[in-house]
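# model the structure of this input:
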Amino acid sequence: MFEKILVPMDDSESSYYVLKEAIKNFKNSEIVVLNVIEIKKYMPKPRFMGEITERYEETLDRIAERILTKAKNMAEEQGIEIETIAEEGDAAPTIVSVAGKIGAKAILMATHSTPTEKFVLGSVTEDVIKETPRDIPVFVWRGFK
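Down below sits the predicted model:
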């Protein structure tokens with residue numbers, strides 16, 4: 001149905017569920033898994049924090065590697081080969097940008113914010129839906145906390 005699907009993942013149970021569903025239901029599609037490393041969101045980079053910042057960035061890189069390795073292993077267990085990408089940036093714009101760069105025909109993603117979290121912090125999923133071109137459908141799975 002869709003030639004290429006982008007599955008943005010964090011380390012939540014819900015994002016692994018979405019990948020499992022993508023593998024199960026889109027076997028004839030190319031699946032690309034993306035983990036966005038949001039360094040700027042969590043840690044300012046003042047010069048005096050050099051070593052701390054470097055260690056923090058290394059930790060986020062290791063987390064991204066773990067997420068993407070787990071995703072590859074899940075796919076391999078089902079006899080499916082997937083592509084994985086780790087990209088630094090703000091989540092929603094990076095997801096939309098990568099979808100365009102790779103020629104994704106659909107985005108499958110989880111949402112796990114509560115209505116209160118969404119009101120206070122905003123929703124990555126909502127921003128992706130708003131920013132994605134209309135010719136790329138965004139399928140959203142809710143919950144699974």
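# quick one: the strands in this structure, in order.
Under the criterion DSSP state E, strands of the chain are mapped to 4-8, 30-37, 83-88, 106-111, 138-142.
# so where's this protein uncertain?
Scanning the chain for pLDDT under 70 picks out 40-50, 113-122, 143-145.
# can we see that at 90?
Low-confidence segments of the chain (pLDDT under 90): 1, 11-12, 14, 27, 38-61, 110-126, 141-145.
# just to revisit the earlier point, can you tell me which of the strands of the chain is most buried?
Counting by mean count of other C-beta atoms under 10 Å, strand 4-8 has the highest mean neighbour count of the strands of the chain, with a mean of 25. To be clear about C-beta, it is placed using only N, CA and C from the backbone, and glycine gets the same treatment.
# as JSON lines, the strands of the chain with distance to residue 54 would be great.
Shown next, in JSON lines, are the strands of the chain (distance: least, C-beta to C-beta, whole Å):
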{"stretch": "strand 4-8", "distance to residue 54": "26"}
{"stretch": "strand 30-37", "distance to residue 54": "14"}
{"stretch": "strand 83-88", "distance to residue 54": "14"}
{"stretch": "strand 106-111", "distance to residue 54": "30"}
{"stretch": "strand 138-142", "distance to residue 54": "35"}
